[in-house]
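[1] model this:
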Amino acid sequence: MFDFAARFDDGLTYDAFLEKYGSDEHRRRWADLHARVKLTSAQQGLLAGFERDMKVLCLAGAWCGDCVNQCPIFDHFAAANSRIAVRYFDRDDHPELATELKICGGARVPVVVILSEDDFEVLRFGDKTLAKYRQMAADHLGPACPSGLGGVDQGLLDAVTQDWLDIFERAQLILRLSGRLREKHGD
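    Now for the predicted structure:
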């Protein structure tokens with residue numbers, strides 16, 4: 001079994017990851033998307049209510065369009081609650097992690113692994129959310145032919161943000177309702 005906990009402290013913060021792995025153009029693209037992520041007051045309230053610490057490992061690539069469109073969301077989540085600690089790992093610099101986190105046989109990004117405060121794996125998820133896959137299916141499986149030009153639609157960004165919030169909330173509820181952790185915390 002892969003020891004994610006032993007790797008967590010080797011990860012980089014959001015800014016350090018972009019500084020190390022991103023070109024000026026990558027950082028600009030990530031910053032543009034970061035500025036477009038807007039958590040609603042209900043989403044902020046939900047995140048603020050998280051009571052259990054969550055260690056989030058994120059396998060990513062500064063060059064990756066899917067990462068540009070999703071990883072800034074995680075930074076907003078972490079900013080909303082200090083109990084969420086996200087560490088980023090470059091897929092190409094961490095091949096053993098990339099191998100462990102393959103999806104459908106491929107080294108996809110972003111992929112997250114959420115750990116409990118005491119380093120048990122809670123869940124893994126990646127590389128795209130349901131809203132994004134629905135949009136891709138409509139573009140690629142239907143009569144429309146996508147041009148590949150243009151940015152991310154704000155409605156899709158909002159839906160992907162909510163999809164990721166649902167995933168983080170699911171992990172938080174697993175942690176919050178864990179008999180082991182409830183006994184530990186006396187709640």
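[2] From here on, just use CA atoms for contacts and neighbour counts.
    Noted.
[3] what about the closest residue to Ala5 other than its chain neighbours, neighbour count?
    Excluding its sequence neighbours, the residue lying closest to Ala5 (CA to CA, 6 or more residues apart in numbering) is Asp119, at 5.3 Å. For Asp119, the count of nearby residues is 15 (other CA atoms under 10 Å).
[4] and what of the one 3 residues further on?
    Burial of Val122, expressed as a neighbour count using other CA under 10 Å, amounts to 17.
[5] got the contact list for Cys11?
    For the record, residue 11 is Gly, not Cys. Going by CA atoms under 8 Å, 6 or more residues apart in numbering, Gly11 touches 57, 87-89.
[6] If we use 6 Å, what do you get?
    87-89 (CA atoms under 6 Å, 6 or more residues apart in numbering).
[7] Helix or strand with the lowest mean pLDDT in the chain?
    Ranked by mean pLDDT, DSSP states H and E, the weakest helix or strand in the chain is helix 130-141, scoring a mean of 89.
[8] going on from that helix, what's the next piece of helix or strand?
    helix 154-177 (DSSP states H and E).
[9] in this protein, which spans are strands?
    When secondary structure is read from DSSP state E, the chain shows strands at 54-60, 84-90, 111-115, 121-126.
[10] Could you give the number of residues near the nearest residue to Arg27 once chain neighbours are set aside?
    Nearest residue to Arg27, sequence neighbours excluded (CA to CA, 6+ apart): Leu18, at 6.3 Å. Other residues within reach of Leu18 by the criterion other CA under 10 Å amount to 22.
[11] quick one: Leu18 from Cys58, how far?
    13 Å (CA to CA, to the nearest Å).
[12] Alright, calling it a day.
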